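Peer 1: What follows is a predicted structure for the sequence shown.
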Amino acid sequence: MSIAENIQQIEAEIAPNARLIAVTKTKPIEMLLEAYQAGFKRYGENKVQEMVGKYEQLPKDIEWHLIGHLQSNKVKYMASFVVMIHSVDSLKLLQEINKQAAKNNRVIDCLLQLFIAQEETKFGLSEEEALELLLSDELKAMQNVRIAGLMGMASNTEDENQVRLEFKKLKQFFERLNNQSQLFPSNVVLKEISMGMSGDYAIAVEEGSTLVRVGSAIFGSR
């Protein structure tokens, strides 16, 4: 199947509950253009440098999502155009995003990355840390970021029950936060849950995901 057909098929599967982000890391410009010419404009990159390079070469109406681990010193390179940062895992990083967004006269949507997996290698906040950040005076003072929801990566396992439980836990935390939303500042508008990748997006959507990050199921694994 072509890239366009793969995108159509996945979008049909996840509609109307979730939106697709095509993960384009390591993929050549030609593949992105093929997806773009089929009318698809929502791309996710893991590395800032690669995203900036592609942004410069591709049409400017593409929505760029940064989905990989982000270092504070890289924020400035993409602050002028990134639509959403999925991987905010510290107050320090959020402060830098706010600073760089202000320089570009923008408000950048951010998702708090929660640690939901059984693996030590994944990044993310605990539920306690996320709540503390949402209630902090520092966040209240930030004019140029909006906390739009949560992101999580399930364990890399064949055990679908474990994956489902991890997604379910993230959705339950999202709902608990929304039930106490009156405690949060006005720049917290929790509406997105970014979870699910090529191997588990169907389960993620069943468990409440609104954004799925899919690469190999669209572009192939090479």
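Peer 2: Yep, it's here. Bear in mind that the values here come from a model prediction, so they are computed numbers and not experimental data.
Peer 1: Show me where the protein has its strands.
Peer 2: 19-23, 42-45, 63-66, 84-88, 108-114, 145-152, 188-194, 211-214 (DSSP state E).
Peer 1: Quick one: residues contacting the residue in the chain sticking out farthest from the centre.
Peer 2: Going by CA atoms, centre = their mean, the residue of the chain most distant from its centre is Met1, 26.4 Å out. Contacts for Met1 (CB atoms under 8 Å, 6 or more residues apart in numbering) come out as Gln9. The way it works is simple: take the backbone N, C-alpha and C, and place the C-beta from them, glycine included.
Peer 1: neighbours around the nearest residue to Asn187 once chain neighbours are set aside, how many?
Peer 2: Distance criterion CB to CB, 6 or more residues apart in numbering; nearest residue to Asn187, sequence neighbours excluded, is Arg146 at 5.1 Å. Residues contacting Arg146 under the criterion other CB atoms under 10 Å number 17.
Peer 1: my guess is Arg146 meets Arg106, correct?
Peer 2: No - counting by CB atoms under 8 Å, Arg146 stays clear of Arg106, with 10.5 Å between them.
Peer 1: all helices for this structure, in order.
Peer 2: Counting by DSSP state H, the chain has these helices, from start to end: 3-14, 29-37, 48-57, 75-78, 91-103, 127-134, 137-140, 160-179, 201-206, 216-219.
Peer 1: Mean neighbour count added to those helices, as TSV?
Peer 2: TSV is the format used below for these (neighbours: other CB atoms under 10 Å):
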stretch	mean neighbour count
helix 3-14	16
helix 29-37	16
helix 48-57	16
helix 75-78	19
helix 91-103	18
helix 127-134	16
helix 137-140	13
helix 160-179	17
helix 201-206	20
helix 216-219	20
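Peer 1: Ok, which of the ones you listed comes nearest Ser186?
Peer 2: helix 137-140 (8.5 Å; CB to CB).
Peer 1: which residues sit against the closest one?
Peer 2: Outside helix 137-140, the residues that reach it (CB under 8 Å, 6+ apart) are 91, 94-95, 133, 147, 185, 187-188.
Peer 1: what about that helix, distance to the chain center?
Peer 2: Counting by CA atoms, centre = their mean, to the nearest Å, helix 137-140 is centred 22 Å from the centre of its parent chain.
Peer 1: And for stretch 1-12?
Peer 2: 21 Å.
Peer 1: pLDDT weak spots in the chain?
Peer 2: 121-122, 222 (pLDDT under 70).
Peer 1: In space, not sequence, find me the middle residue of the protein.
Peer 2: Residue closest to the chain centre, computed by CA atoms, centre = their mean, is His86 at 3.1 Å.
Peer 1: now that residue: how far from Ile147?
Peer 2: 12 Å (CB to CB, to the nearest Å).
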